[in-house]
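Pasting the sequence and the predicted coordinates here, then a few questions.
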Amino acid sequence: MIRKLFAMCCVALAISLAACKGNADRWGTDLEQGLKEAGKEKTFALVEFTGSDWCPSCIQLRAKILNSPKFREWVAKNKLVLVELDFPQDRSKTTPGNMKKRELVREKYEVQSYPTVLIMDSRGIPYGGAVGAATTAEKYIDILNGALKRARGANEHLMKAEALQGVERARALANFLRSLKEEGRKYCERHTDLLARIAQDDAADETGIRKEADRRQLIEKQQKEFTDALGEVISTVKPPRTIPAMREEIKRQLEEKKDLLPEVRQFMYQVLAGSHYQLMDKRGAIPYVEAAIREEPDSPQAERLRALLKQIQEEVEKEEQSPSSPQSSGVPAVPGQTH
């Protein structure tokens, strides 16, 4: 009898281990099906956007990280549903229909580079993830653990909100949206019914969430108009006049367009700063970084810009103290010579 029980336990353990290994090794290729499975299993999906036969970082990520025992163990432990959305150069690896579906998903999540890995819940809401390859599985897992922690915390808030009624539910749903990172909140506003449900419970917009959404849409609209104008300059003005012409266009818009929101003006000043920094005119970049900070001094972006400003100022000071610099050798620098 004891031997029989022992044998049964061994079989159960083997089945359990095989199930874990299967989940960690099995990559689906359809996001919709993966999200359904995540909902059924009450877990989250890990979605990889990759170019398996042309992207060196994707190939490295798959070989060194995603196929590693450490990563598979982590996936099994967290019971994640794995989805691979591949965009290969060799189109024989998939069908035109599947490729079209993947391209629509890529556009929906605004994926700009490969590899990108996102943690999503069963609604498809992204909670962050990782872009590019990591040096070790441990470091990559640390990054994904942060996204997974946000996903679990946010979903707990969402479940609590669902149990409420009226304005209280609207407030709870609004707090859920505000707890998300930018990509998650943008996704919810565009691709879920959360805003409509908040509006139903909060017709007067006491939460202010719809006003915030409208402002973000206006920011995106103004930024797109700005980038479209720069694109026109780039396509029509030939080097070496391209960058000066871009700067002139940015300054013209900053001066003439009085309705530009501070967030957009901040973005425009950053582009101006970048146009100087990338050409090694670091001192020329400083006034524009400072101007970008003044536009939205209390924003998270301003905090990042202050760190950037400090870095640039230290680089300028170090270069000017170098014996090979024009200032230290007594040779006056020519204004605009690096423009």
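All right, it came through fine.

Is residue 315 in contact with residue 282, as I believe?
Yes - counting by Cβ atoms under 8 Å, residue 315 touches residue 282, with 5.7 Å between them. Glycine gets a C-beta too; all of them are placed from N, C-alpha and C.

between the two, who's got more neighbours?
residue 282 (18 against 14; other Cβ atoms under 10 Å).

The more buried one and residue 317, how far apart?
10 Å (Cβ to Cβ, to the nearest Å).

picking that back up, any common contacting residues for residue 315 and residue 282?
The overlap between the contact sets of residue 315 and residue 282 (Cβ atoms under 8 Å, 6 or more residues apart in numbering) is empty.

Low-confidence ranges, the protein, go.
Filtered on pLDDT under 70, the chain yields the residue ranges 1-24, 324-339.

Quick one: the strands in it, in order.
27-28, 45-50, 81-86, 116-120, 126-131 (DSSP state E).

want to throw those into TSV with distance to residue 173?
Shown next, in TSV, are the strands of the chain (distance: least, Cβ to Cβ, whole Å):
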stretch	distance to residue 173
strand 27-28	30
strand 45-50	22
strand 81-86	25
strand 116-120	19
strand 126-131	16
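
Select, out of those, the one closest to residue 106.
Counting by Cβ to Cβ, residue 106 lies closest to strand 45-50 out of the strands of the chain; the figure is 6.2 Å.

which one's the longest helix in the protein?
helix 209-236 (DSSP state H).

roughly how far is that helix from the heart of the chain?
Averaging C-alpha positions (Cα atoms, centre = their mean, to the nearest Å) puts helix 209-236 18 Å from its chain's average.

can you redo the strands of the chain as JSON lines with mean neighbour count and distance to residue 278?
Formatted as JSON lines, the strands of the chain follow (neighbours: other Cβ atoms under 10 Å; distance: least, Cβ to Cβ, whole Å):
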{"stretch": "strand 27-28", "mean neighbour count": "16", "distance to residue 278": "39"}
{"stretch": "strand 45-50", "mean neighbour count": "24", "distance to residue 278": "27"}
{"stretch": "strand 81-86", "mean neighbour count": "22", "distance to residue 278": "32"}
{"stretch": "strand 116-120", "mean neighbour count": "24", "distance to residue 278": "24"}
{"stretch": "strand 126-131", "mean neighbour count": "22", "distance to residue 278": "21"}
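
looking at the ones you listed, which is closest to residue 159?
strand 126-131 (14.9 Å).

In PDB, could you pull the C-alpha coordinates for that closest one?
This file holds the C-alpha atoms of strand 126-131, laid out as PDB (Å, rounded to 0.1, in the frame of the first residue of the first chain):
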ATOM      1  CA  PRO A 126       0.100  46.700 -20.800                       C
ATOM      2  CA  TYR A 127       1.900  47.300 -17.500                       C
ATOM      3  CA  GLY A 128       5.400  47.800 -18.900                       C
ATOM      4  CA  GLY A 129       8.200  45.500 -19.800                       C
ATOM      5  CA  ALA A 130      11.500  45.500 -21.400                       C
ATOM      6  CA  VAL A 131      13.000  46.900 -24.700                       C
END
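
Tell me the helices and strands packed up against that strand.
If you count contacts as 3 or more Cβ pairs under 8 Å, 6 or more residues apart in numbering; DSSP states H and E, strand 126-131 packs onto strand 116-120, helix 137-162, helix 182-191.

Fine by me, we can end here.
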